[in-house]
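Student: Fold the following.
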Amino acid sequence: MGSPSDPTVLLVHGANASKTCWRATLDELQNIGVSGAAIDLRGHGNSEGVDRLQQYQLADYVRDVTDALDALPTVRHLVGHSMGGLVCQLVAASRKLNKLTLVASSPVEGMRAEASRMFLRHPATFTAAIWKRSFLRLYQNRAVARSLLFHPATSDQTVSLFLQDSQEESWLAASQMKTILPSPKEIDCHVDVLAGERDFMVSRKASEATARAYRTRLHVVQRCGHMIPYEADPAELARLLGAKPGEA
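Tutor: I've put the predicted structure just below:
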């Protein structure tokens, strides 16, 4: 967990990632006077339980975020990327927040249709991942990782940084993204929905449906694919996250 004084924003990473994905964003938030913190979900990054990763469910990740909120009572804004977006939606249904920001988030309709579409583009890679029960296997081939996660204009250096940072994910937890869905009607804070201009993993149609469910507009982040925390200009992303509700 990051350790700024009295953070008001908590950032949650997605599958196959850790809090390191937010390093540049946290620096820029600080530059604009917003105190932020990021956490490693259990089994990720420097957290405990790496050896038990495959036992974890989404409910365990939800518990990690609620525990972090208990430890950081000044936090009133949750930010979640990808799988972390679903985790934050599940948390927000039972916690009082001022704002929830979904960044290339798992959509309100779940990832079943998205997974089928990705399988059809890269059937051999997905078959191998299913056989090995390994989501990290999806990114073993650099070209496939680029196709699934990044804007065509994203630099090789950025792709390399993500691949260097990436780790295995709980097969059980990530698979639950197809069946465990959020309840927008139970979330009463302001919600911002951000989508990458060329996100293949979560389609524009799915992100638009998420924005409609929360009665908000979709903000499209230009020259980004799915990995907005790595691809977006850090200052611009920090500005979006630091905006007051309705200003993004």
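Student: And for A238, the neighbour number?
Tutor: When counting by other CB atoms under 10 Å, one arrives at 23 neighbours for A238. Yep, even glycine has a C-beta here, placed from its N, CA and C like the rest.
Student: Need the three-state assignment for it.
Tutor: Classification of A238 into helix, strand or coil gives helix, according to DSSP: H, G, I helix; E, B strand; the rest coil.
Student: ditto for V193
Tutor: The three-state label given to V193 by three-state DSSP is strand.
Student: For it, give the beta-bridge partners.
Tutor: As for beta bridges, V193 partners with L102, L218 under DSSP bridges.
Student: Compute the distance between it and Q176, please.
Tutor: Noted for V193: a distance of 21 Å to Q176, by CB to CB, to the nearest Å.
Student: and if you look at E109?
Tutor: As for E109, its distance to Q176 is 14 Å (criterion: CB to CB).
Student: K185 now?
Tutor: Applying CB to CB, one obtains 21 Å for the distance of K185 from Q176.
Student: for the residue positioned nearest the centre of the chain, which residues make a bridge with it?
Tutor: In the chain, the C-alpha closest to the average C-alpha coordinate belongs to H81, at a distance of 1.4 Å (CA atoms, centre = their mean). Here H81 shows beta-bridge partners V103, assigned using DSSP bridges.
Student: these two touch, right, it and V12?
Tutor: Yes - taking CB atoms under 8 Å as the contact criterion, H81 and V12 are neighbours in contact, 7.1 Å apart.
Student: follow-up on the earlier one: so who does the residue nearest to the centre of the chain touch?
Tutor: 11-14, 17, 21, 103-105, 228-229 (CB atoms under 8 Å, 6 or more residues apart in numbering).
Student: Of these - the most surrounded one?
Tutor: Ranking the contacts of H81 using other CB under 10 Å puts V103 first, with 32 neighbours.
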